[in-house]
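Student: Quick one: sequence plus predicted model below, questions after.
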Amino acid sequence: MTIPTYPDLAGKVAVVTGGSGEIGGQTCRYFAKSGMKVVVSGRDKDSIEEVVADIRASGGEALGVPADTLSLEDLNELREAAEREFGPVDVLCAFAGFEPGPSTMDQVTEEDWRAIIDGNLTGTFLTLKAFVPAMCEHGSGSVITMSSAAGRLPGWSSYGYAAAKSAILQLTRRVAQDVGKHNVRVNALAPSAILTKKQEARIPAHVREQVVKEQFVLGRWGTPADCANAALFLASDASSWITGQTTDIAGGKIMI
């Protein structure tokens, strides 16, 4: 797949939480291809270092900063590290989160529920809280949150994950409504079945083929690159009059 580049992104600063994951990592690499200075964040230090090394090996600029999105102190330190190294943050991707897998209501403990809501929704809110005020003060910015098809339509994801990802969409719209006057845009990605290495190992090939036949009119699973391409567009001036919107990366499964 050819990686598109957006000249207006050259020299701009991007921070990606969840950058140690496959979608976040690919997004970091794609940003760097457009000449962005990229701050890769997450909790897996080895994966962060791998993404940073890939970017630097290709001639790009990158900085790795581990952070816990449930710690506002960590997030403020992440922003400060980005500003010290590269300058004000122009693009924020709040991609950190996790999906524990499907379960019935009777299997979900109170501890499970709170952990999933916090790990997805609260972490996203705190990330925006740490970065968006500085963007407003700077007078520009693009924020991209990570929702899911699970937040768009009922499916087989966990209860907490579906609730959190749906709430992220409303959070995205509410923040977009509030900060548009500062020339800060806020949009969401809502991927469906993205074939990461983890998914490939967990789901047998024949099951993946059946899922494609039954659910995706484009005839294939999504890839991290599909998400990264959408993030590139939303980060760039090509989407300068788009805010408060959800981009479904779902191969035709969701048409709203």
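Tutor: Ah, there it is.

Student: if I look at I256, how far off is L153?
Tutor: Between I256 and L153 the distance is 8 Å, computed by C-beta to C-beta, to the nearest Å. In this view, the C-beta of every residue, glycine as well, is placed from N, C-alpha and C.

Student: Compare these two (neighbour count), which wins?
Tutor: Regarding I256 and L153, a neighbour count based on other C-beta atoms under 10 Å identifies L153 as having more, with 15 against 8.

Student: Contact partners for the residue lying closest to the more buried one once chain neighbours are set aside?
Tutor: Excluding the flanking residues, the one nearest L153 by C-beta to C-beta, 6 or more residues apart in numbering is I254, at 6.1 Å. Contacts for I254 (C-beta atoms under 8 Å, 6 or more residues apart in numbering) come out as A149, R152, L153, A190, S192, D248.

Student: Looks like the fifth one contacts A149 (just checking).
Tutor: What it means is S192. Yes - taking contact to mean C-beta atoms under 8 Å, the distance of 3.8 Å between S192 and A149 places them in contact.

Student: what about the strands in this protein?
Tutor: 13-17, 37-42, 61-66, 91-94, 141-146, 184-191, 246-249 (DSSP state E).

Student: right, and those - which one's nearest R174?
Tutor: Closest approach to R174 among the strands of the chain (C-beta to C-beta): strand 184-191, 8.9 Å.

Student: Give the other helices and strands that that closest one contacts.
Tutor: Here strand 184-191 is seen to pack against helix 123-138, strand 141-146, helix 159-179, helix 224-235, strand 246-249 when contacts are counted using 3 or more C-beta pairs under 8 Å, 6 or more residues apart in numbering; DSSP states H and E.

Student: which of the ones you listed is buried the deepest?
Tutor: The highest mean neighbour count among these, using mean count of other C-beta atoms under 10 Å, belongs to strand 141-146: a mean of 26.

Student: Show me what it pairs with in its sheet, parallel or antiparallel.
Tutor: Strand 141-146 has its sheet partners listed here by DSSP bridges as strand 91-94 (parallel), strand 184-191 (parallel).

Student: Just the buried residues of the first one, please?
Tutor: Buried residues in strand 91-94, defined by neighbour count with 16 or more other C-beta atoms under 10 Å: V91, L92, C93, A94.

Student: Show me the shaky parts of the stretch 1-150 of the chain.
Tutor: 1 (pLDDT under 70).

Student: pretty sure I256 is in contact with D248, am I right?
Tutor: Yes - when contacts are counted by C-beta under 8 Å, I256 is listed as touching D248 (7.0 Å).

Student: Report the set of residues contacting both of these two.
Tutor: Both I256 and D248 are contacted by R152, under the criterion C-beta under 8 Å, 6+ apart.

Student: Enumerate every residue touching R208.
Tutor: With contact taken as C-beta under 8 Å, 6+ apart, R208 is in contact with L195, E200, W221.

Student: Who wins on neighbours among these?
Tutor: Taking other C-beta under 10 Å as the neighbour criterion, W221 ranks highest of those with 21 neighbours.

Student: Tell me the predicted confidence for that residue.
Tutor: Note for W221: predicted pLDDT of 94.

Student: Thank you, goodbye.
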